[in-house]
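[1] please find the sequence and the predicted model below.
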Amino acid sequence: SGHWYVSFGTERELAEKPVHPSKTAIGLDLGITKLLTTSNGETIKPKNSFKANQIKLAKLQRQLSRKVLFSQNWKKQKHKIQKLHHHIANIRHDYLHKITTSISKNHAMIACEDLKVANMSRSAS
């Protein structure tokens, strides 16, 4: 959707081994209706950014359907839809980043289940 990203990597030598400030361990269980459940009983719900922007997206797509295919107005409308999809994805990525950062800062060891969540749904059977 017209965005550029740049990242830089650096390497440095440490005088001593880094030590995590926390000594706790936690287990994570990924789910379908809940984003994840921790071993201490805390559940984290998924951020449903699509549902929050669904009405706006439907309106933009209806406007696109009325445009002449591949005209300049069609391209501008298509760009608006791409921008909204990008916004929805950014909300989801930000939410996941905040959750994983807080978990990794508060726990020294993290254990995750290696299950295929898609196979656990009703549609998979």
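    Yep, it's here.
[2] report the longest strand in this protein, please.
    strand 25-30 (DSSP state E).
[3] any idea of the mean pLDDT in that one?
    Taken as a whole, strand 25-30 carries a mean pLDDT of 92.
[4] what's it packed up against?
    strand 36-38, helix 72-106, strand 109-112 (3 or more Cβ pairs under 8 Å, 6 or more residues apart in numbering; DSSP states H and E). C-beta coordinates here come from the backbone N, C-alpha and C atoms, glycine included.
[5] buried stuff in the longest one?
    By neighbour count on 16 or more other Cβ atoms under 10 Å, the buried set for helix 72-106 is Trp74, Gln77, Lys80, Ile81, Leu84, Ile88, Ile91, Tyr95, Ile103.
[6] now for the residues you listed, which pair is the farthest apart?
    Trp74 and Ile103 (43.9 Å; Cβ to Cβ).
[7] the longest strand of the chain pairs with which strands, parallel or anti?
    Under the criterion DSSP bridges, strand 25-30 sits next to strand 36-38 (antiparallel), strand 109-112 (parallel) in its sheet.
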